[in-house]
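*Asks:* Just the structure for this:
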Amino acid sequence: MFLRLHERTGVLPEDAVAYVNRALYNAVIDHARAQRVRREFGDAVLPEQILSPAPSPLSALESRQEVRKIDDVIRALPERTRDIFFLNKINGYTYTDIAAIVGISKSAVEKHMARAMFACRAATE
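*Replies:* This next block holds a predicted model:
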């Protein structure tokens, strides 16, 4: 505490012992409060919130197969539709932004996105 006080101000107060004692007391109280908050938070968290159950091998395989299907569908889309899909879903551009980037109308962007989404949905059903 003396070191912290000296680093902050460069000068020790007249009654440095009392000041440091009070600072130590406050630090202990702050630490105890923080520990209580951490403990209460830990008590309120259920094990299911911390660890998700490991997927079964069948579930993992099905998920990988579904991702491959969607990847194949996206690769099979026309280039412009695929680019528009990536601009929206990966890069987060709005339809208006995409229309300006690609040089087409917002309605055309909507149609390309509808085509891409329909193809992805069909692949997963």
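*Asks:* Output the below-cut-off pLDDT ranges for this protein.
*Replies:* Within the chain, the stretches with pLDDT under 70 are 1-6, 8-13, 42, 46-52.
*Asks:* What ranges does it have for its helices?
*Replies:* Assigned by DSSP state H, the chain shows helices spanning 2-9, 16-44, 47-50, 57-76, 79-89, 95-102, 106-124.
*Asks:* can you list these in TSV and add mean neighbour count?
*Replies:* (C-beta placed from N, C-alpha, C; glycine too.) Formatted as TSV, the helices of the chain follow (neighbours: other CB atoms under 10 Å):
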stretch	mean neighbour count
helix 2-9	10
helix 16-44	11
helix 47-50	8
helix 57-76	12
helix 79-89	17
helix 95-102	16
helix 106-124	15
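*Asks:* tell me the residue furthest from the middle of the chain?
*Replies:* Glu14 (50.3 Å; CA atoms, centre = their mean).
*Asks:* State the distance from it to Val20.
*Replies:* Taking CB to CB, to the nearest Å as the measure, Glu14 falls 12 Å from Val20.
*Asks:* can you list the domain ranges for the protein.
*Replies:* What automatic domain parsing lists as the domains of the chain is 2-44, 57-124.
*Asks:* re earlier: ok, now which ones touch the residue farthest from the centre of the chain?
*Replies:* By CB atoms under 8 Å, 6 or more residues apart in numbering, Glu14 lies in contact with nothing.
*Asks:* same deal with the one 4 residues further on?
*Replies:* Ala18 is in contact with no residue at all, counting by CB under 8 Å, 6+ apart.
*Asks:* With Val17 instead?
*Replies:* No contacts exist for Val17 under CB under 8 Å, 6+ apart.
*Asks:* what's the distance between it and Ala23?
*Replies:* Separation of Val17 from Ala23 (CB to CB) stands at 11 Å.
*Asks:* same deal with Glu125?
*Replies:* Separation of Glu125 from Ala23 (CB to CB): 66 Å.
*Asks:* same deal with Met117?
*Replies:* Separation of Met117 from Ala23 (CB to CB) stands at 61 Å.
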